[in-house]
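Novice: Let's see this in three dimensions:
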Amino acid sequence: MDIVKIGAAGIAGVLLAVLLKHQKSDYAVYVSLAACVFIFYYAVGKLHVITETIETIQGYLTIDAVYMQTLLKIAGITYISEFASAVCRDTGHQAIASQIEIFGKLTILAVSMPVLLSLLETMRGFLGI
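Specialist: Reported below is the predicted structural model:
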């Protein structure tokens, strides 16, 4: 199971970082960052399965491809902003982490605006306004 591998890699990275923190704090940050990049790389590999599933769902339903692309963009923005802010928090840069999170939320809002407008137009059509 992949989650067992990722969990073991994460725990090993944390334990190694904790051991190095008292001797060489710089190396502890590097080990932590390497573990994060490894897990991120492994998670990106799962995108293929997700995109195939979304394409299958599109085949079953008559949904415009733009909506599914928007959904994927939102998931990607969420994951990348959480990843980047967690790395910043781990290195002690709380303010930068908060700004990354705020920028991620605003980006999600901007990406989802066309979907919101389409929803409002559909509601207008049903209500006859």
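
Novice: so where's the chain uncertain?
Specialist: Applying pLDDT under 70 to the chain picks out residues 1.

Novice: Which secondary structure element is home to the residue nearest the centre of it?
Specialist: Nearest to the geometric centre of the chain sits residue 79, at 0.7 Å (CA atoms, centre = their mean). In this assignment (DSSP states H and E), residue 79 forms part of helix 65-90.

Novice: Could you pull out the helices in the protein for me?
Specialist: In the chain, the helices defined using DSSP state H lie at 2-23, 25-45, 47-60, 65-90, 94-127.

Novice: Check the burial of residue 46 by counting its neighbours.
Specialist: For residue 46, the count of nearby residues is 10 (other CB atoms under 10 Å). Every C-beta, even on glycine, is put in place using the N, C-alpha and C of the backbone.

Novice: separation between it and residue 21?
Specialist: Per CB to CB, to the nearest Å, residue 46 is found 31 Å from residue 21.

Novice: Could you do residue 94 as well?
Specialist: Residue 94 sits 18 Å away from residue 21, taking CB to CB as the criterion.

Novice: and the two? which has more neighbours close in?
Specialist: Neighbours per residue, other CB under 10 Å: of residue 94 and residue 21, the larger number sits with residue 21, 15 against 11.

Novice: Could you pull up the contacting residues of that one?
Specialist: Residue 21 sits next to residue 28 when contact means CB atoms under 8 Å, 6 or more residues apart in numbering.

Novice: Taking helix 47-60 as reference, get the angle to the helix holding residue 79.
Specialist: Helix 65-90 and helix 47-60 are oriented at 150 degrees to each other (axes from the mean of the first three to the mean of the last three CA atoms, to 10 degrees).

Novice: For helix 65-90, which residues meet the burial criterion?
Specialist: Residues of helix 65-90 classed as buried: 68, 70-71, 74, 77, 81, 83-85, 87-88 (neighbour count, 16 or more other CB atoms under 10 Å).

Novice: Among those, which pair sits farthest apart?
Specialist: Within the buried residues of helix 65-90, 68 and 88 form the most distant pair, 30.7 Å apart (CB to CB).
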